[in-house]
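> kindly generate the corresponding structure for this input.
(2 chains, ligands or ions: 2)
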Amino acid sequence: MMKFLYGIWDAFYYSFLEADRWKFYLVGLKNTLFMAGVACVIGVAIGMVLAILKVSIQASPAVRPRGTSFLGWWLIRLGGWFANLYTTVIRGTPVLVQLLILYFGVFKTAPKEYALLVAGLSFGINSGAYVCEIIRAGIQSVEKGQTEAGRSLGLNSRQTMRLVVLPQAIKNILPTLFNEFITLLKETSVAGYIALTDLTRAGDVVRSRVWNITPLIISGLIYLILVILLTKLQGVLERRLGASDRRL
Amino acid sequence: MIDVCNLSKAFGNHLVLDGINERIEKGEKVVVVGPSGSGKSTFLRCLNLLEQPTGGEIIFEGQNITDPKTNINLLRRKMGMVFQQFNLFPHLSVKKNITLAPVTLGLCSQREADEKAMTLLERISLVDKAEAYPRQLSGGQQQRIAIVRALAMNPEVMLFDEPTSALDPEMVGEVLEVMRELARDGMTMVVVTHEMGFAREAATRVLFMDEGQIKEQAPPDQFFSSPQHPRLKEFLHKVL
Ligand SMILES: Nc1ncnc2c1ncn2[C@@H]1O[C@H](COP(=O)(O)OP(=O)(O)OP(=O)(O)O)[C@@H](O)[C@H]1O
Ligand SMILES: [Mg+2]
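Ligands and ions are numbered 1, 2, ... in the order given. Next comes the predicted model:
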């Protein structure tokens, strides 16, 4: 038993503490969190805009009603088509391919220091397509009667969205949105392909020094802790939002 | 008060309202009956533009509501609507349900709206439910609150789309009682319902709708005692 524990300690020592290797993981962790953070902000921003476009086109009549603005109707149509194209292409291709195209193509002249930002942007662009679908589904899960009740009281479509639909939709959106954040956090591990030191890459570099898989297990554990923290945060938010449900 | 001229509505190729002409005066209580799928709900929902008509005009207090330049949000404030499924806002307390629209639209302060809400709740004997949430209430209680939520906007006409059809039988009475009281107070009402008893006592006029047209209309006693149109005879035979 002692021997077993000593073995673990030994492996941990060589993979983490010796030669200040933990600093390596720390850099990886920092980069992973940076990319995930940037991607999360960009993803939610893109997702919200696309979701609004998609919901608008679905709420707008297929045939332009007499006398309504020609331009407005076509703008809604164009926006909706763009949103559909975006989600189809982005969800239909691997995130790694998108990252490589962005890094070696679109931003090929960008200085190396911006690689992290490019990666964050790439993951954000990818995540936006999924966030869009999450928000859209959340909004559309709220019964049509709710919108009709709001509008019949004289609220305009924005007020109805903000005060009636979104507060109900958020309860459906939050769990799937956190799911997306968790996926996003782990997906940043493909950043190693463009020579960035993220948490996965850090573990792998240490592995090539110590010649065993302990560093990868350490990286994995750090991901696990992050995900558990995210899940805890989700629980807290959901409990706060559940007020009107709990009073059954 | 409401003038409907040659109103038609099609969903795709399916013509649901077929050239309806109707005039509803202030203070009238118009009850609309007819077989399922005849277009009753669609007619009612066209009146406050929850459905966009595909032809004809609706004039409400001199304003053409089908004109795209009309601000429909302003007109809807004057037209309360009560739905079959109540459609209370489940994330808001009863009091907030009632005060949301008047306060958001800047018609009164939250305090004034709260006071008004309590007065309205008193009228339907549900003051003790002011802080409750819709899910905690029975269907009958929810529908009565939906009615006063619409009344909080001081509408000039109330539209009801089968307000008692989703209720357990023992709760139908309490909702009809609130509607009868409203009728006695002089509210202009357009009511789609299968409650023939209500039509008999409270209506000033009953419309029979069939295949997207108003096939017959009369004051209630005449409507029920001497129907003319064969489709109406058949319909009354089935429901009475
Ligand atoms: N949004 C819609 N899209 C397509 N068809 C519709 C829509 N709403 C109603 N309809 C059709 O229009 C017809 C009339 O519907 P409506 O709801 O007005 O009837 P109703 O008289 O209210 O019937 P019920 O007594 O069952 O409520 C029906 O055939 C229905 O299928
Ligand atoms: Mg109906």
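> right, and A:F24 touches A:R207 too?
No - taking C-beta atoms under 8 Å as the contact criterion, A:F24 and A:R207 are not neighbours in contact, 11.1 Å apart. Just so you know, the C-beta spots here come from the backbone N, C-alpha and C atoms, and that holds for glycine as well.
> wait, what's in contact with the nearest residue to A:N156 once chain neighbours are set aside?
Once flanking residues are discounted, A:N156 sits nearest to B:N73: 5.0 Å by C-beta to C-beta, 6 or more residues apart in numbering or on different chains. Applying C-beta atoms under 8 Å, 6 or more residues apart in numbering or on different chains, we find B:N73 in contact with A:R151, A:G154, A:L155, A:N156.
> now A:S219, nearest residue through space, not along the chain?
Nearest-residue entry for A:S219: A:G203, 3.1 Å, with adjacent residues in sequence omitted and distances by C-beta to C-beta, 6+ apart.
> quick one: contacts for the one you found?
By C-beta under 8 Å, 6+ apart, A:G203 lies in contact with A:Y25, A:G28, A:P215, A:L216, A:I218, A:S219, A:G220.
> redo that, cut-off 6 Å
Taking C-beta atoms under 6 Å, 6 or more residues apart in numbering or on different chains as the definition of contact, the neighbours of A:G203 are A:P215, A:L216, A:S219.
> and if you look at A:R207?
Contacts were defined as C-beta under 6 Å, 6+ apart; by that measure A:R207 touches A:P215, A:L216.
> at 7 Å instead, please
The neighbourhood of A:R207, defined by C-beta atoms under 7 Å, 6 or more residues apart in numbering or on different chains, consists of A:I213, A:P215, A:L216.
> up against ligand 1, what does chain B have?
Residues of chain B lying close to ligand 1 (C-beta under 6 Å from any ligand atom) are B:F11, B:H14, B:V16, B:G34, B:S36, B:G37, B:S38, B:G39, B:K40, B:S41, B:T42.
> looking at those residues, which two lie furthest apart in space?
Spatially, the most separated pair among these is B:F11 and B:G34, at 17.5 Å (C-beta to C-beta).
> sorry, back to before: which among the residues of chain B next to ligand 1 count as buried?
By neighbour count, with 16 or more other C-beta atoms under 10 Å in any protein chain shown, the residues of chain B next to ligand 1 hold B:V16, B:G34, B:S38, B:G39, B:K40, B:S41, B:T42 as buried.
> nearest to B:Q84, of the residues you listed?
The shortest separation between B:Q84 and any of those is 8.3 Å, and it belongs to B:S41 (by C-beta to C-beta).
> what does the host helix or strand of the closest one contact?
The secondary structure element spanning B:S41 is helix B:40-47 (assigned by DSSP states H and E). The contact list for helix B:40-47, computed with C-beta under 7 Å, 6+ apart, reads B:2, B:7, B:9, B:16-17, B:20, B:32, B:34, B:51, B:53, B:58, B:79, B:159, B:161, B:190, B:192, B:209.
> which stretches of chain B form helices?
Secondary structure of chain B (DSSP state H): helices at B:40-47, B:72-76, B:94-104, B:110-123, B:139-151, B:169-184, B:196-202, B:220-225, B:230-239.
> chain A now?
Assignment of helices within chain A using DSSP H yields the ranges A:2-12, A:22-59, A:70-92, A:95-101, A:115-140, A:144-152, A:157-160, A:166-187, A:199-210, A:214-241, A:243-246.
> and the first one, what's buried?
Applying a neighbour-count criterion of 16+ other C-beta under 10 Å, one finds A:A11 buried in helix A:2-12.
> will you turn the helices of chain B into TSV that also has distance to A:A62?
Listed next are the helices of chain B as TSV, based on distance: least, C-beta to C-beta, whole Å:
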stretch	distance to A:A62
helix B:40-47	18
helix B:72-76	20
helix B:94-104	30
helix B:110-123	39
helix B:139-151	31
helix B:169-184	37
helix B:196-202	37
helix B:220-225	39
helix B:230-239	33
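> so which of these is nearest A:I173?
Taking C-beta to C-beta as the criterion, helix B:94-104 is the member of those that comes nearest to A:I173, at 21.4 Å.
> return the distance of the closest one from the chain's centre.
19 Å (C-alpha atoms, centre = their mean, to the nearest Å).
> run the angle between that helix and helix A:144-152 for me.
With axes from the mean of the first three to the mean of the last three C-alpha atoms, to 10 degrees defining the directions, helix B:94-104 sits at 40 degrees from helix A:144-152.
> pull the contacting residues for B:V190.
B:V190 makes contacts with B:I24, B:V30, B:V32, B:L44, B:L47, B:V157, B:L159, as judged by C-beta under 7 Å, 6+ apart.
> who wins for most neighbours among those?
B:V32 (27 neighbours; other C-beta atoms under 10 Å in any protein chain shown).
> so what sits opposite that residue in the bridge?
Going by DSSP bridges, B:V32 is paired in beta bridges with B:V192, B:L207.
> that one reaches B:V192, doesn't it?
Yes - because the distance of 4.7 Å satisfies C-beta atoms under 7 Å, B:V32 is recorded as touching B:V192.
> dump the buried ones among the residues of chain B next to ligand 1 into CSV; add distance to B:R144 and pLDDT as well.
Converted to CSV, those look like this (distance: C-beta to C-beta, whole Å; pLDDT from 0 to 100):
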residue, distance to B:R144, pLDDT
B:V16, 30, 94
B:G34, 26, 94
B:S38, 28, 94
B:G39, 28, 94
B:K40, 22, 95
B:S41, 21, 96
B:T42, 26, 96
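> no more questions from me, cheers.
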